[in-house]
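[1] give me a 3D structure for the following:
(chains A and B)
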Number of protein chains: 2
Amino acid sequence: MKHPFYVEIPLSFDRITGIANCSKPALERRYSDMKNMYFDEEKRKEKEKGGNNLIYRFYDLGIPKKEGDLAFGTSIIYPGKVGNEYHMTNGHFHTILDTAEIYYCQSGHGIMMMESPEGDILYKEMKSGQVIYVPGRYAHRSINISSSETLITFYVFRADAGHDYGSIKEKGFRKLVVEDGGHWTVIDNPRWKNYE
Amino acid sequence: MKHPFYVEIPLSFDRITGIANCSKPALERRYSDMKNMYFDEEKRKEKEKGGNNLIYRFYDLGIPKKEGDLAFGTSIIYPGKVGNEYHMTNGHFHTILDTAEIYYCQSGHGIMMMESPEGDILYKEMKSGQVIYVPGRYAHRSINISSSETLITFYVFRADAGHDYGSIKEKGFRKLVVEDGGHWTVIDNPRWKNYE
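    Purely as a prediction, here's the structure:
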């Protein structure tokens, strides 16, 4: 009989690094994987040439994409900036748009940036122990606003929700989170394209 | 516009106690709430008369019961035994039977006991940092096997999954987790009733 847990048991996540003790490696996103995702594309290219370090890691543990199942893992965003824009994930809508996602912050200091297709914007700071509820219909991106700490979140979503990265890659988010005078602030994205 | 997070933000769970910083109190289960759930009902009655302490707490944060939403919270089981049977939750099936649940152990030492309607039994130890994937179709009960530590887990399930406590209350689980010579062990439940 196929083991019904789908994933190796016991599966655990390291409290400090966010890394799982399983044979599936964390997926990696480096500067070379985020072309045109940051406002300052020239600065991103410099980072790519200058070592092309990791920006973030996350897991796809292979949970079957069935509506009764739940996918989960950790998202691990290393501190850093591209120009004055903080390290962040690409961000995505769910393909089944009206499905929520839960992020339980394990360590670090971040922002969850969310926007609906209609342009409603929500963003929330997150620190260790805090839960962010990303409502259905909202694209979401995690942003590490610490200068030194890794942002680690534990996420859960319906396993069949699917990921729509395309519309964010094409249009971006309407808002950027940048450093200004040593603090984070939210500004309009000058490059955001409204095709509608 | 109704705030789409449904719950107070920022919502956080205390790392030591498991208690949320929100206005909704944790639900409580005491000895008086678990009549006939432990093998030794006389011992349970003694505990009820002798202070009727808390066995466990958990949260219903009021997430709408929609299929795209996710309910979450912490389960907090205090150490103790009824006879040689460890403190545990009542346990439940989901009303939408084939929906999974994720438990992310925050602290303590526990067992997740699971069984399908057909009698397939699964149980897994859990410690801080470990994730237990409860597959769809499996009833599940959390059991605190530590003599001193509180078992705290963070759980997520589809908000419309529903809870079916009735069949466990009527029949029990097929297996019990008891202390034997200072260690936990799994035994057949002598009172389990097979009505089929």
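[2] neighbours around A:K127, how many?
    Each residue near A:K127 was counted by other Cβ atoms under 10 Å in any protein chain shown, and the total is 16. Glycine gets a C-beta too; all of them are placed from N, C-alpha and C.
[3] ok, what's across the strand from it?
    Beta-bridge pairing for A:K127 (DSSP bridges): A:H109.
[4] low-scoring stretches of chain A, by residue?
    A:1-3, A:194-196 (pLDDT under 70).
[5] ok, 80 please
    A:1-10, A:193-196 (pLDDT under 80).
[6] what's the following helix or strand after the longest helix anywhere in it?
    For chain A, the longest helix by residue count, based on DSSP state H, is helix A:41-49. The C-terminal neighbour of helix A:41-49 among helices and strands, as given by DSSP states H and E, is strand A:54-58.
[7] report whether that following strand contacts chain B.
    No: under the criterion of Cβ under 8 Å from any Cβ of the partner chain, chain B is not reached by strand A:54-58; the shortest gap measures 14.8 Å.
[8] for the helix or strand following that strand, enumerate the helices and strands it packs against.
    Using DSSP H and E, the helix or strand that follows strand A:54-58 towards the C-terminus is strand A:70-77. Judged by 3 or more Cβ pairs under 8 Å, 6 or more residues apart in numbering or on different chains; DSSP states H and E, the packing partners of strand A:70-77 are strand A:54-58, strand A:139-144, strand A:151-158, strand B:101-107, strand B:130-134, strand B:151-158.
[9] quick one, which of the ones you listed is nearest to B:T89?
    strand B:151-158 (9.8 Å; Cβ to Cβ).
[10] list the contacts for A:H94?
    A:E101, A:G136, A:F157, A:A161, A:G162, A:H163, A:D164 (Cβ atoms under 8 Å, 6 or more residues apart in numbering or on different chains).
[11] just give the number of residues close to A:P25.
    Other residues close to A:P25 by other Cβ under 10 Å number 10.
[12] state the distance from it to A:G73.
    According to Cβ to Cβ, to the nearest Å, A:P25 and A:G73 sit 12 Å apart.
[13] likewise A:D98?
    Distance from A:D98 to A:G73, by Cβ to Cβ: 22 Å.
[14] compare those two (neighbour count), which wins?
    More neighbours surround A:G73 than the other of A:D98 and A:G73, with 26 against 14 (other Cβ under 10 Å).
[15] I figured the more buried one was touching A:G18, is that so?
    No: in this structure A:G73 lies outside contact range of A:G18 using Cβ atoms under 8 Å: 9.2 Å.
[16] angles on the backbone of A:S32, please.
    With angles defined as degrees, to the nearest 10, A:S32 sits at phi -70, psi -20.
[17] returning to that earlier point: okay, the helices and strands packed on strand A:70-77 in a markdown table with mean neighbour count and distance to A:F39 next?
    Listed next are these as a markdown table, based on neighbours: other Cβ atoms under 10 Å in any protein chain shown; distance: least, Cβ to Cβ, whole Å:
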| stretch | mean neighbour count | distance to A:F39 |
| --- | --- | --- |
| strand A:54-58 | 21 | 15 |
| strand A:139-144 | 24 | 13 |
| strand A:151-158 | 25 | 20 |
| strand B:101-107 | 23 | 35 |
| strand B:130-134 | 24 | 36 |
| strand B:151-158 | 25 | 34 |
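[18] show the buried residues in the contacts of A:H94.
    Among the contacts of A:H94, the ones that count as buried by 16 or more other Cβ atoms under 10 Å in any protein chain shown are A:E101, A:G136, A:F157, A:A161.
[19] now do the contacts for the third one.
    Okay, so that is A:F157. Counted by Cβ under 8 Å, 6+ apart, A:F157 has contacts A:L70, A:A71, A:F72, A:H94, A:T99, A:A100, A:E101, A:I102, B:L70.
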